[in-house]
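Q: Mind looking at a prediction? Sequence and model below.
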Amino acid sequence: MNQDISSSQNPVSKGRPSTDKLFERISSIDHLPSLPVIVRTALSYLDDPDVSMARLARIIEEDQSMAARILKVANSPYYARSGKIGMIREAILLLGLNGIRGLILSMSVLQLVSNREGAVKLWRHSFAVSILSRILGENLAVGQPEDLATAGLLHDFGKVIYYLDFEPWIPDLWHKDPEIPDWRFEEDLFGASHAFVGFRLAYFWHFPSSIRVPIGWHNNPSKSPSYQLETAIIALADGLATLAGFGLEESPCPESTMFDALRSLDLTDKQLEVVLERLMENLPKLEAPDF
């Protein structure tokens, strides 16, 4: 499965990162002490089976910066079709509980690595894939829009672990041979791909299987053990976002992955035509607000 990587691209001289350290970080990511107290409080409250949207809104509003960022997303061009969102409670209703959890996590963790190479591109790409996944799901009547949007937002977030703990190797990841898929390079270098790391993170972040599985198999949608259509949608949205100019430069979605996704979805020519028309209408709305 792994592809050989030349010594000029694989930093053997620096030694390989510790796989044990990677898995230790995965199991402790939900306890990051560097996250603001309000963020950790909100995430903890989201685990309450009797969560109240009004109480959650009050918690989020205690952090004005976080509240402002969530409102920016809710009022971004794509979501703005629902009208002006002026209150956090309205944003929660619009985005859903899993959507809010995903936003809080992604924005807060990205703040920790905001000065690292690629962090802004990762956010722009993730936001675009989130919107495209939701559009695809709605048009094809597949899955739950909220879950697809959240899986799209977090599909590449396993990369954040590399940014946090393996900074000496990040240039190698960004400037690798473009012919080598990023997930194969990561498996060889770190011992696990960003998709696997993201799948494990989603488990520790208490997301349901309908979100975890598409994250974990978005690079190989036909091998997904469940939620295969949802996984194919994330894979297709990933490739389309890249084609639209919202990609990660070091990891264009391989054509084989997009074809794999299209085969899994088994779209008729008419369905594909309608979906592509809808996507073209929404391309100008993909620009992500600042995180």
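A: Okay, I see it. Residues are numbered from 1 along each chain as shown.
Q: Hmm, G158 and F196 touching each other?
A: Yes. Here F196 reaches G158: they are 6.9 Å apart, a contact under CB atoms under 8 Å. From N, CA and C alone the C-beta is placed, and that goes for glycine too.
Q: for the stretch 151-291 of the chain, what are the low-confidence residue spans?
A: Within the stretch 151-291 of the chain, the stretches with pLDDT under 70 are 249-254.
Q: ok, back up a step: who has more neighbours out of F196 and G158?
A: G158 (26 against 21; other CB atoms under 10 Å).
Q: Distance check, the more buried one against K21.
A: 15 Å (CB to CB, to the nearest Å).
Q: How about R212?
A: Taken as CB to CB, the span from R212 to K21 is 23 Å.
Q: more neighbours, the two?
A: Ranked by neighbour count (other CB under 10 Å), R212 and K21 place R212 first, with 22 against 14.
Q: Quickly find the element holding the more buried one.
A: Using DSSP states H and E, R212 sits within helix 209-217.
Q: Tell me the buried residues in that helix?
A: 210-217 (16 or more other CB atoms under 10 Å).
Q: repeat for stretch 158-177
A: Applying a neighbour-count criterion of 16+ other CB under 10 Å, one finds 158-164, 166, 169-170, 172-174, 176 buried in stretch 158-177.
Q: Likewise for stretch 264-277?
A: For stretch 264-277, by 16+ other CB under 10 Å, it's 264-265, 267, 275.
Q: roughly how far out does it sit from the chain middle?
A: Distance of stretch 264-277 from its chain centroid, counting by CA atoms, centre = their mean, to the nearest Å, is 24 Å.
Q: I70 touches L103, doesn't it?
A: Yes. At 5.8 Å, I70 and L103 qualify as touching, with contact defined as CB under 8 Å.
Q: if I look at these two, which residues touch both of them?
A: L95 (CB atoms under 8 Å, 6 or more residues apart in numbering).
Q: Residues in contact with stretch 282-291: which ones?
A: Contacts of stretch 282-291 (CB under 8 Å, 6+ apart): 69, 72-73, 76-78, 106-107, 110-111, 114, 123-124, 126-128, 131-132, 135, 241, 244, 246.
Q: ok, back up a step: tell me which of the buried residues of stretch 264-277 fall in strands.
A: Within the buried residues of stretch 264-277, no residue falls in strands by DSSP state E.
Q: Which of those sits closest to D63?
A: Checking those against D63 with CB to CB, the nearest one is V275 at 37.6 Å.
Q: Just the pLDDT for the nearest residue to that closest one once chain neighbours are set aside.
A: Excluding the flanking residues, the one nearest V275 by CB to CB, 6 or more residues apart in numbering is N139, at 5.0 Å. Looking at N139, its pLDDT reads 90.
Q: N139: helix or strand, and which one exactly?
A: helix 119-140.
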